[in-house]
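Colleague: Model the structure of this input:
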Amino acid sequence: MRGRHPERHKIGVGGWLRAAVLGSNDGVVSIASLVVGVAAANASTGSIFTAGLAGLVGGALSMAVGEYVSVSSQRDVEEADLERERWELREEPEQELDELISLLAAKGLSEETARVAALELTEHDALAAHAAEELGLRLDGLARPMQAGVVSAIAFAIGATLPLLAIGLSPVGLRIWITGATTLITLAGLGTWSARLGGAPVVPAVRRVVFGGALAMGLTAAIGYLFGTAVG
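Modeller: Numbering: from 1, shown residues only. Here you go, the predicted model:
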């Protein structure tokens, strides 16, 4: 019996990686922008920290619910498609076999080879074969709403903690600059991590997240400064 091919691909980490990257990036950028904006309005450190903490809790819950609802919708579509395949396999087995033969032949197999392969796949696991060839789904790789929601919430909270600590522990005169620098360094690290974990180029990923974070903080700082000046 031949052993499993040792080659490893990155596509299998897509689901939880997406939730983790989105959650952590959103946590860093959202809370950094929030606290920098409030700080630019000359608010006290206590007020800034309270606003940031409230943003952390609300943002984490929002991310969890949003991801859960979104991925649940995806899972519903997958389940509906699979249920239809189960019905067709039960009620129209011959037509489904012909369809599988056609799908395999379209990939370059001869008609005879495609028929033999389709028969063997159907005997082994007909639903898995049709899910993979017809729907592009793996039965062990369906969307996981709860996993996505939990990962998003935790990642958001972890990401949000860094700028919150930076603004709370920094001297008043330097808190915006220290928080901004901490945020950009964190975003660069997150971009590098996600790119390497996903097997993608590092520089474009880092450039995207750093530019987005800098833009968000710059805009909120400007709003906070203008608002603080107007109130003062």
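Colleague: Quick check: next helix or strand after the biggest helix by length in the chain?
Modeller: Looking across the chain with DSSP state H, the single longest helix is helix 45-91. Next along the chain after helix 45-91, taking DSSP states H and E as the criterion, comes helix 93-105.
Colleague: Please export the C-alpha coordinates of that following helix as CSV.
Modeller: Extracted in CSV, the C-alpha atoms of helix 93-105 (Å, rounded to 0.1, in the frame of the first residue of the first chain):
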residue,chain,number,x,y,z
PRO,A,93,-28.8,7.0,-9.5
GLU,A,94,-28.2,6.2,-13.2
GLN,A,95,-28.4,9.8,-14.3
GLU,A,96,-26.1,10.8,-11.5
LEU,A,97,-23.6,8.1,-12.5
ASP,A,98,-23.7,9.5,-16.1
GLU,A,99,-23.2,13.0,-14.8
LEU,A,100,-20.1,11.9,-12.8
ILE,A,101,-18.7,10.1,-15.8
SER,A,102,-19.1,13.3,-17.9
LEU,A,103,-17.5,15.4,-15.2
LEU,A,104,-14.5,13.1,-15.0
ALA,A,105,-14.2,12.9,-18.8
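Colleague: Next, the angle from it to helix 45-91.
Modeller: Interaxial angle, helix 93-105 versus helix 45-91 (axes from the mean of the first three to the mean of the last three CA atoms, to 10 degrees): 120 degrees.
Colleague: mind listing the helices for the chain?
Modeller: 14-40, 45-91, 93-105, 111-130, 145-169, 175-198, 202-231.
Colleague: so which of those helices is the most packed in?
Modeller: helix 14-40 (a mean of 24; mean count of other CB atoms under 10 Å). Using the backbone N, CA and C atoms, a C-beta is placed for each residue, glycine as well.
Colleague: how far does that one sit from the chain's center?
Modeller: In this view, helix 14-40 has its centroid 12 Å away from the chain centroid, taken as CA atoms, centre = their mean, to the nearest Å.
Colleague: just to revisit the earlier point, what's the closest of the helices of the chain to residue 137?
Modeller: Evaluated with CB to CB, those place helix 45-91 nearest to residue 137, the distance being 6.0 Å.
Colleague: Now do the closest one: which elements does it pack against?
Modeller: Contact analysis of helix 45-91 by 3 or more CB pairs under 8 Å, 6 or more residues apart in numbering; DSSP states H and E lists helix 14-40, helix 93-105, helix 111-130, helix 145-169 as its packing neighbours.
Colleague: Next, the angle helix 202-231 makes with the longest one.
Modeller: Meaning helix 14-40. Going by the same axes, to 10 degrees, helix 14-40 makes 30 degrees with helix 202-231.
Colleague: which residue sits closest to residue 103 in space, ignoring its chain neighbours?
Modeller: residue 133 (4.5 Å; CB to CB, 6 or more residues apart in numbering).
Colleague: Next: residue 131.
Modeller: Here the residue nearest residue 131, using CB to CB, 6+ apart, is residue 137, at 4.4 Å.
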